[in-house]
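> can't give you the sequence, but here's the structure:
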């Protein structure tokens with residue numbers, strides 16, 4: 001799945017010369033928690049988060065007798081470029097959604113500006129966008145059932161289980177596989193478009209495959 005299919009294209013950005021007061025107002029108006037900071041030609045030069053703004057105001061808030069007016073004056077007089085993050089973790093328009101997930105996880109960020117080959121901001125993708133994409137890819141929310149089947153980690157095992165499911169004339173809406181705790185096996189997660197799953201479950205077990213359930217992992 002390409003990142004361009006899931007990124008937000010209408011991106012709220014801000015200039016490095018804008019005040020933190022303007023940035024906070026824009027964040028609240030757009031209901032976002034981070035703003036790409038762009039310079040000439042919409043080129044990315046940094047990123048500003050609501051956390052950056054909170055940390056910038058913290059010293060003022062700790063002063064004895066400080067007032068909200070002083071806080072607002074500080075926000076109005078401080079420019080974005082003074083507190084923004086300059087080394088931005090970005091994704092590119094050529095990346096996959098999997099690439100974005102790795103970046104979000106490894107760098108522990110909540111959003112990735114997406115840039116083109118010229119370094120221009122083309123969009124932004126957040127952890128929420130990624131989560132929504134996988135909810136849809138997994139078919140969650142549709143009328144369906146889930147089966148978790150242990151198969152030998154050899155070519156053809158997945159196809160055999162798919163053939164069994166196909167014999168019941170139901171659609172498979174998603175398939176995921178991962179390594180299993182038992183050496184030489186994989187766990188395959190099927191979501192199938194039916195609520196009448198018991199006959200399918202029995203047929204898979206009759207063919208010699210084990211179906212997992214939550215009780216298998218309680219200890």
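Alright, I've got the coordinates. The structure displayed is predicted, hence computed values, not measured ones.

> alpha carbons only for contacts and neighbour counts from here, please
Noted.

> Can you list the residue ranges for helices in this structure?
Ranges of helices within the chain are 20-30, 50-62, 68-77, 97-106, 127-137, 157-166, 198-206, based on DSSP state H.

> Worst mean pLDDT among those?
When these are ranked by mean pLDDT, helix 50-62 comes last with a mean of 77.

> Near the nearest residue in space to residue 86 that is not next to it in sequence, how many other residues are there?
Distances taken as CA to CA, 6 or more residues apart in numbering put residue 46 closest to residue 86, at 4.4 Å, once the chain neighbours are dropped. Per other CA atoms under 10 Å, the neighbour tally for residue 46 reads 23.

> Residue 158 is in contact with residue 148, isn't it?
No - assessed by CA atoms under 8 Å, residue 158 is found out of contact with residue 148, at 11.9 Å.

> Which neighbours do these two have in common?
Counting by CA atoms under 8 Å, 6 or more residues apart in numbering, the contacts common to residue 158 and residue 148 are residue 188.

> rewinding a little: minimum distance to residue 112: which of the helices of the chain has it?
helix 97-106 (7.4 Å; CA to CA).

> and the angle for the closest one with helix 127-137?
Here helix 97-106 runs at 140 degrees with respect to helix 127-137, directions being taken by axes from the mean of the first three to the mean of the last three CA atoms, to 10 degrees.

> dump the residue contacts of the closest residue to residue 153 other than its chain neighbours.
Nearest non-adjacent residue to residue 153, counting by CA to CA, 6+ apart: residue 185, 4.6 Å away. The contact partners of residue 185, taken as CA under 8 Å, 6+ apart, are 150, 151, 152, 153, 179.

> next one: residue 208
By CA under 8 Å, 6+ apart, residue 208 has no neighbours at all.

> how much space between it and residue 158?
Plainly put, residue 208 is 13 Å away from residue 158 if you go by CA to CA, to the nearest Å.

> Residue 121 now?
Separation of residue 121 from residue 158 (CA to CA): 41 Å.

> between these two, which one's more packed in?
When residue 121 and residue 158 are compared for neighbours, residue 121 comes out ahead with 25 against 19, by other CA under 10 Å.

> correct me, but that one touches residue 42?
Yes - look at residue 121 against residue 42 with CA under 8 Å: they come within range, at 6.3 Å.

> Alright, calling it a day.
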